[in-house]
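In: the following block contains a protein sequence and its predicted model.
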Amino acid sequence: MPLFIFNFSMKKFFGYSLVFFLIIFIPVPFINIFQAHYNPTPEFYKLQYDAVQNTSGPFEGIIIGSSQPACAIRPSVLDSTGISFYNFSLPAATPEFYLTWYNEVFLRNHHSPEYCIMGISWAMFDTHLLFRKFEQDSEFFTYSLFLKMLLGQNNLSKKDIVFNRFPFLKYRTKIRDSFIWNEMKNNGNPVNTYDRGYNSVENSYDKKNFNANKRCKIYPGQVTSFIKLLEQMRTEKVKIIFVMTPEYGLGHEFYDKSKALAIINKVSKTYNIPVLNFNTTFRSHVNEDTDFFADWQHLNGKGSMIFSKQLTKELCKVIN
Amino acid sequence: MVFNSINFAVFLLLVLILYWWVFKKNAKTQNLLLLLASIVFYCMADWKFIFLLAASGFINFYLAKFIAKKEEGKIRSLFFYTGIIFNVGLLLYFKYFNFFIQSFVNLFNYSGAGISFTPFHILLPLGISFFTFQMIGYLIDVNNDEIEPTGNLLGFFTYLAYFPKILSGPIERIQKFLPQIQKKREFDYILAVDGLREILWGLFKKIVIADNCAVYANEIFDNYTVYSGSTLALGIFFFAFQIYCDFSGYSDMACGISKLFNIRIVNNFAFPFFSTNISDFWRKWHISLTTWMMDYIFTPLSFILRKYKKTGLIISIVLTFLLVGLWHGANSTFIVFGVLHGLYFIPLVLIGSMNKNEIVAAGRLIPSFKEFFGMIALFILTSFTAVFFRAENLHQAINYVSGIFSNSLFSIPYIIEEETGLPILPKLFILLLCGFIIVEWIGRKGDFAIVNIGKKRNRFFRWSFYFAIIYIIYYWGKSDMNAFIYFQF
């Protein structure tokens, strides 16, 4: 807009405003670079997205689910099944998340896998407990995916896509933490344990702190997405296996009463999908020993190694 | 579309460019643009009631003309009371219908009538309490021959729907607003910069202070049964600052935005927490509502009850504040909130110092012990009423208050952090809150806290201060854009 149409005071106003905002934005690229390197997000998120978006593949088998399979299933141990798996489980991810992820990220870059290990849990249909949204990972999207999600017709929050894309916006409230977090997160999720998507959690379990929050709700939207994803995978001839990783401190009766697991059992019967529940049918000494846990529902590195071997054994029976 | 959103920033920029560039020819074109922008703004907030707003405008515009045309008498009174009944009827229907019916049903049920009532699904038009009060005030002023009715329909509708104030006030008087928009406005550099400064301070109050206080206040009020007395007391403290910064932040932004159009609207807050008595507090809190109530409710009422002297005065005050409470919403908690404030006036009435208007620490930076103690005592009293303002029902409010007065009142307060589930005390935020109070204290003589920075400091200091505020907003601000509390009124 030509400035000559304004009188002197308006020119002065717009001129100063422009200079003011330019000065504000000078530090932004530097903050962005700083926040991209020092932030509270575990590094394996990025490694997983890089793998699915940049690796040529093919992926014979994929593992999806929330934080429990992410820190429990070691793909390299599963190699003895004869199938190469990649663990794409992400903390707090829901069926709704994976329905979008599978179509927009995985199938955009790869053919359908032969096998899919789907992590199940009693909380998996609770949007409040498992709160991950696809938009919040926009930082890891390729440019083309970012633009497609931002400009395309979808149900995603455009604001969240933009705010989560740029580290200076996404981690803006974490600047203080950023100075100390890098060391902390490497202690919690050491990236040197990364194994095709698996990342161990190395917190030591405090026996005094057994505080299982077992309240959860069933959100119909999550169940619908779950069924949709299953039906799509079945159409694509993907062999699905439900796996529930071990937890500490809860007995059979809790799992028997779980509404979410009742839905899953019903679905497994309808679609003839095998269920490997390591808290009920395949319960073992792992469930009883806190040495194998980072907290009551997440296995640590030691526990994940033993569990992955147990899972390999059971998988071989199912696959063959 | 709230003021603290990207959408509104784009909308405002567009309107400003059009206002000072395309529509700058004369007052009429400028008003036309303001009216169009206000209609768009209102429709984007809630398009369903734009016709109600228009109908209210037309009816009040013509009723005022009819009232002025007629001499004192029955016909004039008929027009006047028709207008009052129409406006009050709107409020009663949209805001209070379910509440009153439910209250009557409860009353009958106490005597064992066993009546059931399913509340009607009545949507509340945005800003109805604000624009209806403006219209009632307009009709009363015309009827009392204090003002001439305007013949300028465009100006009248611009006044009614003016977008910086339509959703949450201030309750602007037509006699102050209309003269400003009847002449062509020229761009005023100093006023525009002052406006931007006020918007910045309003944003800071809303996004940093109010929204962060809301996180802690919501956590404590929603789970008040599990928290200690000291934490419940802290919850009141957070809520008091939340509501103050939410509403005064909105008002600052509204005034600032209006200054960009070279239109001044009434300042709604004047640092109420720096008052030492309740009378002074209400002269500084929601000023436009208080003056409205003073002019149209309290003054006529106290005139009618003047023969009862102090008792009449007390009754007038309590009834006025009962209406102030009820204005906020159809809930018994608001009635208690209003009545409590009314009762706080009784000592002032009895000792005859109701109109005593002291400037706290005038000419000094540090208040005296007496002033400091007065401010703290008043803050505690007014914050106590905030429990009723915030609670969903009286039962909850009473339980909350009784929860405070327990042995745990003297324990160290803590809040359960949602992300981690760990007990924390937000020390850094409390420190920021203290910094905010100090800035407000230093700037308490101005229209808003940082107004003097623009007058007394050099550019380097000013800009450094603004950058600091902007980066604090960036760092502390909540991005989930909470709506303003006063939108619901």
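Out: Sure thing, it's come through.

In: CA atoms only: put the helix or strand residue A:311 falls within into CSV for me.
Out: Residue A:311 is part of helix A:301-319 when elements are defined by DSSP states H and E. What follows is helix A:301-319, C-alpha atoms only, in CSV (Å, rounded to 0.1, in the frame of the first residue of the first chain):
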residue,chain,number,x,y,z
GLY,A,301,14.9,-51.6,29.5
LYS,A,302,15.4,-54.8,31.4
GLY,A,303,11.7,-55.6,31.5
SER,A,304,11.2,-54.9,27.8
MET,A,305,14.0,-57.3,26.9
ILE,A,306,12.4,-60.2,28.7
PHE,A,307,8.9,-59.2,27.5
SER,A,308,10.0,-58.9,23.9
LYS,A,309,11.4,-62.5,24.1
GLN,A,310,8.1,-63.7,25.5
LEU,A,311,6.2,-61.9,22.8
THR,A,312,8.4,-63.4,20.1
LYS,A,313,7.6,-66.8,21.4
GLU,A,314,3.9,-66.2,21.3
LEU,A,315,4.0,-64.4,18.0
CYS,A,316,5.7,-67.3,16.3
LYS,A,317,2.8,-69.5,17.4
VAL,A,318,0.3,-67.0,16.0
ILE,A,319,2.1,-66.3,12.8
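
In: of all residues in the stretch 51-200 of chain A, which one is closest to chain B?
Out: Going by C-beta to the nearest C-beta, chain B is nearest to residue A:172 of the stretch 51-200 of chain A, at 5.6 Å. Just so you know, the C-beta spots here come from the backbone N, C-alpha and C atoms, and that holds for glycine as well.

In: list the contacts of that residue.
Out: Neighbouring residues of residue A:172 by C-beta atoms under 8 Å, 6 or more residues apart in numbering or on different chains: A:35, B:474-475, B:477.

In: how about those in JSON lines, adding secondary structure?
Out: Shown next, in JSON lines, are these (DSSP: H, G, I helix; E, B strand; the rest coil):
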{"residue": "A:35", "secondary structure": "helix"}
{"residue": "B:474", "secondary structure": "helix"}
{"residue": "B:475", "secondary structure": "helix"}
{"residue": "B:477", "secondary structure": "coil"}
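
In: got JSON lines for those, with neighbour count too?
Out: Below are the contacts of residue A:172 laid out as JSON lines (neighbours: other C-beta atoms under 10 Å in any protein chain shown):
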{"residue": "A:35", "neighbour count": "19"}
{"residue": "B:474", "neighbour count": "19"}
{"residue": "B:475", "neighbour count": "14"}
{"residue": "B:477", "neighbour count": "20"}
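
In: pick the one among those residues closest to residue B:48.
Out: Nearest to residue B:48 among the contacts of residue A:172: residue B:477, at 30.9 Å, using C-beta to C-beta.

In: touching, the closest one and residue B:207? I think so.
Out: Yes - using C-beta atoms under 8 Å, residue B:477 is in contact with residue B:207, at 4.1 Å.

In: hang on, the earlier thing: in terms of secondary structure, what does the helix holding residue A:311 contact?
Out: Applying 3 or more C-beta pairs under 8 Å, 6 or more residues apart in numbering or on different chains; DSSP states H and E, we find helix A:301-319 packed against helix A:75-78, strand A:239-244, strand A:275-277.

In: neighbouring strands for the longest one, and are they parallel or not?
Out: If you go by DSSP bridges, strand A:239-244 pairs up with strand A:115-119 (parallel), strand A:275-277 (parallel).

In: the longest one - what's its average pLDDT?
Out: In this model, strand A:115-119 has a mean pLDDT of 96.

In: which helix or strand lies directly C-terminal to it?
Out: helix A:143-151.

In: give me the pLDDT value at residue 294.
Out: Let's take chain A. 88.

In: oops, I was thinking of chain B
Out: We have a pLDDT of 94 for residue B:294.

In: tell me the contacts of the residue nearest to it when sequence neighbours are not counted?
Out: In this structure, residue B:294 finds its nearest non-sequential neighbour in residue B:320, 7.7 Å apart by C-beta to C-beta, 6 or more residues apart in numbering or on different chains. By C-beta under 8 Å, 6+ apart, the contact list for residue B:320 reads B:293-294, B:297-298, B:301, B:342.

In: circling back to that earlier point, and which of the contacts of residue A:172 is nearest to residue B:366?
Out: Distance ranking of the contacts of residue A:172 against residue B:366, using C-beta to C-beta, places residue B:475 first at 30.2 Å.

In: so the closest one makes contact with residue A:169?
Out: No - assessed by C-beta under 8 Å, residue B:475 is found out of contact with residue A:169, at 11.5 Å.

In: near whichever residue of the stretch 201-350 of chain B sits closest to chain A, how many other residues are there?
Out: The nearest approach of the stretch 201-350 of chain B to chain A comes at residue B:260, 9.5 Å away (C-beta to the nearest C-beta). The number of residues packed near residue B:260 is 24, by other C-beta atoms under 10 Å in any protein chain shown.
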